[in-house]
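# Below is the sequence, then the predicted model.
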Amino acid sequence: MREGTYQAYHLGKPTKGKWYLRDGELCLDPGKAEPDCREVWISGSKIEFRGTGFEGVLQAPQKRG
């Protein structure tokens with residue numbers, strides 16, 4: 001989200017927290033552990049967090065049932 005929060009789903013399990021940029025990396029801070037800062041590569045709507053093997057798809061927020 002533009003205000004610096006994120007919501008993600010991994011294997012159907014939701015996570016949320018805050019995001020920010022630091023030294024050219026994207027940092028995800030779930031608030032319960034240390035922030036995870038990684039280089040991010042984006043191609044179209046696909047996103048890859050380098051060094052983690054994590055890939056995803058960027059999309060507009062949607063209501064989930």
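Thanks, I have it.

# what sits up against the helix or strand in which Gly56 is found?
Gly56 is part of strand 54-57, with elements assigned from DSSP states H and E. Contacts to strand 54-57, defined as CB atoms under 8 Å, 6 or more residues apart in numbering, come from residues 8, 45-49. Where C-beta positions appear, they are placed from N, C-alpha and C, glycine not excepted.

# ok, now stretch 21-30?
By CB under 8 Å, 6+ apart, stretch 21-30 touches 6, 15-20, 35-40, 49.

# Including distance to Leu28 and secondary structure, could the residues you listed go into a markdown table?
Output for the contacts of stretch 21-30, formatted as a markdown table (distance: CB to CB, whole Å; DSSP: H, G, I helix; E, B strand; the rest coil):
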| residue | distance to Leu28 | secondary structure |
| --- | --- | --- |
| Tyr6 | 6 | strand |
| Thr15 | 9 | strand |
| Lys16 | 10 | strand |
| Gly17 | 6 | strand |
| Lys18 | 8 | strand |
| Trp19 | 6 | strand |
| Tyr20 | 9 | strand |
| Pro35 | 6 | coil |
| Asp36 | 5 | strand |
| Cys37 | 8 | strand |
| Arg38 | 8 | strand |
| Glu39 | 13 | coil |
| Val40 | 10 | strand |
| Phe49 | 9 | strand |
